[in-house]
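Peer 1: Kindly generate the corresponding structure for this input.
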Amino acid sequence: MVEIFNDRGDVVMSIESLSREGGNIVIEGRLMGAWKSKMYFPAEQFTGMLRLLANFSVISFILLLPFTLIKEKLKRRKSKS
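Peer 2: Below is the predicted model:
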């Protein structure tokens, strides 16, 4: 499961599964922890999503992600000891 949080740390969406139905990506999950939801992401919207992802801050986040994950893992390990 993947959880998406707001600025206060509350879960606003939990994604439980992704699948394909015809020309759509189907996202199943829960909104605000309560409402089971099935959302459809049509193929023609995919290029719009790519345009949203094609900015410096998102690209740098993706490229630096391995280092960020290692840093967080070391930080957790250090706090346990």
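Peer 1: so residue 9, which of the three states?
Peer 2: State at residue 9, reduced to three classes by DSSP: H, G, I helix; E, B strand; the rest coil: coil.
Peer 1: Need the phi and psi values for it.
Peer 2: For residue 9, the backbone dihedrals (degrees, to the nearest 10) come out as phi 90, psi 10.
Peer 1: before we move on, which element is residue 52 in?
Peer 2: Assessed by DSSP states H and E, residue 52 sits inside helix 46-53.
Peer 1: what angle separates the lengthiest helix in the chain from helix 46-53?
Peer 2: Counting residues, the longest helix found in the chain (DSSP state H) is helix 56-80. If you take axes from the mean of the first three to the mean of the last three C-alpha atoms, to 10 degrees, helix 56-80 sits at 60 degrees to helix 46-53.
Peer 1: tell me the contacts of residue 15?
Peer 2: Taking C-beta atoms under 8 Å, 6 or more residues apart in numbering, we find residue 15 in contact with 1, 2, 3, 4, 27, 28, 29. In this view, the C-beta of every residue, glycine as well, is placed from N, C-alpha and C.
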